[in-house]
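Visitor: just a sequence and a predicted model for now, questions to come.
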Amino acid sequence: MAKSRIKNEAQYEALLDKGYSKEKSARIANTSDSGKKGGKAKPYEEWTKDELYDQAKNVGIEGRSKMKKKELIHALRNN
């Protein structure tokens, strides 16, 4: 059985400790900007739909291709 690859193992473990599921912890820890300090990104409402779609793809949100901008924002904040 192949071992899964986690890009940011420390973040993955910290998320598990906070009570996140293994799947959600892995999605977050494997995003391209995982572990970066927060507060510098603009709010999702200022992102383009394409940017939101790409972020949803990065974190593994299913059904993203049929979502509207507001739905993508909701999914990103609640997954």
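Guide: Arrived safely.

Visitor: which helix or strand contains Leu76?
Guide: Under the criterion of DSSP states H and E, Leu76 resides in helix 69-78.

Visitor: ok now that helix, how far from the chain's centre?
Guide: For helix 69-78, the gap between its own C-alpha mean and the chain's C-alpha mean amounts to 11 Å (C-alpha atoms, centre = their mean, to the nearest Å).

Visitor: kindly report the same for stretch 5-23.
Guide: On C-alpha atoms, centre = their mean, the centre of stretch 5-23 falls 12 Å from that of its chain.

Visitor: CA atoms only: put that stretch into CSV for me.
Guide: Output of stretch 5-23 as CSV, limited to C-alpha atoms (Å, rounded to 0.1, in the frame of the first residue of the first chain):
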residue,chain,number,x,y,z
ARG,A,5,2.5,12.3,0.7
ILE,A,6,1.9,15.3,3.0
LYS,A,7,3.8,18.5,2.0
ASN,A,8,3.6,20.1,5.4
GLU,A,9,3.8,17.3,8.0
ALA,A,10,3.9,19.7,11.0
GLN,A,11,0.8,21.5,9.9
TYR,A,12,-1.0,18.2,9.2
GLU,A,13,-0.2,16.9,12.7
ALA,A,14,-1.3,20.3,14.2
LEU,A,15,-4.6,20.1,12.4
LEU,A,16,-5.2,16.6,13.5
ASP,A,17,-4.5,17.7,17.1
LYS,A,18,-7.2,20.4,16.7
GLY,A,19,-9.7,17.8,15.7
TYR,A,20,-9.8,18.1,12.0
SER,A,21,-10.3,14.9,10.0
LYS,A,22,-7.4,13.2,8.3
GLU,A,23,-8.8,14.1,4.9
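
Visitor: brilliant, that's me finished.
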